[in-house]
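Engineer: Sequence unavailable; structure follows:
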């Protein structure tokens, strides 16, 4: 199956899309990567979902990526004697370490880290910002606040702290168990929640030991401030706009999305734009015009992937939502301004052989109007560098390692094919040309460009370019 678009689609699985036939329909409609949300999946269900995705993968004969999204710390207030409490703007309200049920003056906050870290002037946002508090004083056991906005608080509502860096690990005990479980099933990507600082990636990196690539979810202001460091230590980033929109001014989120997308492009790291992209399709068969524009903006920016959450996991129209996102992306990439915008964002390559080869292959392919760029990649690095250039022509990433092909299924413009390693240079050219022909990226008489490392089977040694013709038999020639 050949996609005609370069941006990838991530679809979340859930009650509306957990059976194998629906997963197959989602893939056919356009899903390249499937997300398993560990906030709503126990280990048996997660293993079943992974097994069904791999079954679909075998049926379609194409590598499919799996993203396991860890829950991260969940900060919530305690319970109330009457289930909820009515508050007034301007009144004082206290969060404390007293486990007694709350009332209109106070409530238990079962997180000593928050009680000790919040300082006067810091904001506390309850229930996704519906209730806004400002800390007046804190003694490590209680935080006396003033109600700034909102009028109601109820049992177990979430707490966000946009001004406070918490001394919390990104991995909770549940996350550690979930991480071990998803790694054992062979997922390709692991998304980490509640990233505040680069060090938050260290523990997961140590546990993963290269068995899965790590994606940092940017959902807190503290992460935005240290974006460059987090990008350096991550394999990919997700713009988690839902939580960002709670902890930061909503009007700032579009600009932050652009900053993150462009910073990842410069670094050659994949970036996923997520949350509420086609939200109305949870209950409607068509999206709003604003949602279509939102998806289009992410595609115009050159994001590697756009993601559906509840739309595909719990909505009434999961397949239609994926098909709509696919249709929007295809239309945007046909727009005459698309290539101008993508080209304008190109940056200078890094001073490495792989970057130089990727730059040269893109320039040659566009100058000579070649059909495709074919890159041999064992670790996936060469595929990432080729995608960083955002060439106008397709990229075929050939890898003998199925795990590499699955990870690259998230990356912009890459058509991933699992292929045995070439035995010599002639075999390398013939194999590349035959695959380009069979996958319908080139026809007899077309020219393609091939990048690889010599000696063959040497990871990270991309140092060769070769232009080849597609012969009448689908094999290559000079």
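Structural biologist: Structure received. Since we're looking at a predicted model, the values are computed, not measured. Numbering: from 1, shown residues only.

Engineer: Verify the contact between residue 32 and residue 7 for me.
Structural biologist: No: counting by Cβ atoms under 8 Å, residue 32 does not reach residue 7; the two are 9.3 Å apart. C-beta here means a position set from N, CA and C on the backbone, and glycine is covered the same way.

Engineer: which neighbours do the two share?
Structural biologist: Common neighbours of residue 32 and residue 7, using Cβ atoms under 8 Å, 6 or more residues apart in numbering, are residue 305.

Engineer: Show me how the protein divides into domains.
Structural biologist: 8-72+169-333, 84-160, 353-477 (automatic domain parsing).

Engineer: remind me which residues of the stretch 151-300 of the chain are low pLDDT?
Structural biologist: For the stretch 151-300 of the chain, no stretch is flagged by pLDDT under 70.

Engineer: which stretches of it form helices?
Structural biologist: 173-185, 202-208, 221-225, 227-233, 241-247, 253-267, 289-300 (DSSP state H, counting those that start in this stretch).

Engineer: of all those helices, which lies closest to residue 196?
Structural biologist: Of all the helices of the stretch 151-300 of the chain, it is helix 221-225 that lies closest to residue 196, at 4.2 Å by Cβ to Cβ.

Engineer: and for the closest one, what are the contacting residues?
Structural biologist: With Cβ under 8 Å, 6+ apart as the criterion, helix 221-225 contacts 162-163, 165, 195-197, 216, 218, 230, 244, 247-248, 256, 259-260.

Engineer: Which single one of these is nearest to residue 310?
Structural biologist: Out of the contacts of helix 221-225, the member with the shortest distance to residue 310 (by Cβ to Cβ) is residue 244, at 17.2 Å.

Engineer: surely that closest one meets residue 217?
Structural biologist: No: if you go by Cβ under 8 Å, residue 244 and residue 217 don't touch, sitting 9.5 Å apart.

Engineer: Now mean neighbour count and distance to residue 342 too, for the domains of the chain, in TSV please.
Structural biologist: As requested, those are arranged in TSV below (neighbours: other Cβ atoms under 10 Å; distance: least, Cβ to Cβ, whole Å):
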stretch	mean neighbour count	distance to residue 342
domain 8-72+169-333	20	5
domain 84-160	17	34
domain 353-477	20	5
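
Engineer: Could you dump the ones you listed into TSV with distance to residue 78 added?
Structural biologist: Compiled in TSV, those are given as follows (distance: least, Cβ to Cβ, whole Å):
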stretch	distance to residue 78
domain 8-72+169-333	18
domain 84-160	3
domain 353-477	39
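
Engineer: which one of these lies closest to residue 345?
Structural biologist: Closest approach to residue 345 among these (Cβ to Cβ): domain 8-72+169-333, 6.0 Å.

Engineer: you'd agree residue 63 is up against residue 406?
Structural biologist: Yes: with contact defined as Cβ under 8 Å, residue 63 reaches residue 406; the gap is 4.6 Å.

Engineer: what residues do those two have in common as contacts?
Structural biologist: Here residue 63 and residue 406 share the contacting residues residue 416, scored by Cβ under 8 Å, 6+ apart.

Engineer: And the strands in the stretch 301-450 of the chain?
Structural biologist: Ranges of strands in the stretch 301-450 of the chain, per DSSP state E, counting those that start in this stretch, are 305-308, 373-376, 395-399, 414-418, 447-453.

Engineer: Can you add distance to residue 236 and give those strands back as CSV?
Structural biologist: Conversion of these to CSV gives the following (distance: least, Cβ to Cβ, whole Å):
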stretch, distance to residue 236
strand 305-308, 9
strand 373-376, 19
strand 395-399, 16
strand 414-418, 13
strand 447-453, 22
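
Engineer: By mean pLDDT, show me the worst of those strands.
Structural biologist: When the strands of the stretch 301-450 of the chain are ranked by mean pLDDT, strand 447-453 comes last with a mean of 92.

Engineer: got the angle between that one and strand 395-399?
Structural biologist: 40 degrees (axes from the mean of the first three to the mean of the last three Cα atoms, to 10 degrees).

Engineer: Strand 447-453: partners in the sheet, and parallel or antiparallel?
Structural biologist: strand 373-376 (parallel), strand 462-470 (antiparallel) (DSSP bridges).

Engineer: Quick one: residues in contact with the last one.
Structural biologist: It stands for strand 462-470. Counting by Cβ under 8 Å, 6+ apart, 353-354, 357-358, 360-361, 364, 368, 370-371, 375-377, 381-382, 385, 425, 429, 432-433, 436-437, 442-454, 476-478 sit against strand 462-470.

Engineer: So which of the residues you listed belong to helices?
Structural biologist: 353-354, 357-358, 360-361, 364, 381-382, 385, 425, 429, 432-433, 436-437 (DSSP state H).
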